[in-house]
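1. Could you look at this predicted model? Sequence included:
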Amino acid sequence: MSDTTFSFQVDEKLKKRFTEAARTQECNAEQLLSDFMSDFVKRQSEIDAQLRESVKQGMASANSGNLVPAADVEAMFADRRKRHAKVLRRGK
């Protein structure tokens, strides 16, 4: 795998604190950032796979006739809107 440069701006105080924290862990900032990026990409890939599986299950359920009538969905969300409106009015 070839390396490349990734440049971005960050607050000077944050950079200093990050570099110092990395040093206390006997790591360099570049390796930590690379590890963070790898972890983020891995998590996103897992989330995407879970989402695709959920959609697949939902489609299979819908295709088998397991559907909620539109009127029932509208009624449910109308009720939610009323409840949230009451909460918002109490907060004022």
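-> Nice, I can see it.
2. What is the helix ranked longest in the chain packed up against?
-> Using DSSP state H, we find that the single longest helix of the chain is helix 29-63. Judged by 3 or more CB pairs under 8 Å, 6 or more residues apart in numbering; DSSP states H and E, the packing partners of helix 29-63 are helix 12-24. Where C-beta positions appear, they are placed from N, C-alpha and C, glycine not excepted.
3. Residues contacting the helix it packs on, please?
-> The contact list for helix 12-24 (CB atoms under 8 Å, 6 or more residues apart in numbering) reads Asn28, Ala29, Leu32.
4. could you redo those residues as a markdown table and give each row pLDDT?
-> Listed next are those as a markdown table, based on pLDDT from 0 to 100:
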| residue | pLDDT |
| --- | --- |
| Asn28 | 90 |
| Ala29 | 90 |
| Leu32 | 93 |
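5. Include distance to Asp79 when you put those residues into JSON lines, please.
-> Output for these, formatted as JSON lines (distance: CB to CB, whole Å):
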{"residue": "Asn28", "distance to Asp79": "55"}
{"residue": "Ala29", "distance to Asp79": "51"}
{"residue": "Leu32", "distance to Asp79": "48"}
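6. which one of those sits closest to Arg90?
-> Leu32 (45.9 Å; CB to CB).
7. Out of the contacts of helix 12-24, which end up buried?
-> If you count burial by 16 or more other CB atoms under 10 Å, none of the contacts of helix 12-24 comes out as buried.
8. Which of those sits closest to Leu88?
-> Nearest member of the contacts of helix 12-24 to Leu88, counting by CB to CB, is Leu32, at 42.7 Å.
9. Just give me how far the longest helix of the chain sits from the chain centre.
-> For helix 29-63, the separation from the chain centroid amounts to 9 Å (computed by CA atoms, centre = their mean, to the nearest Å).
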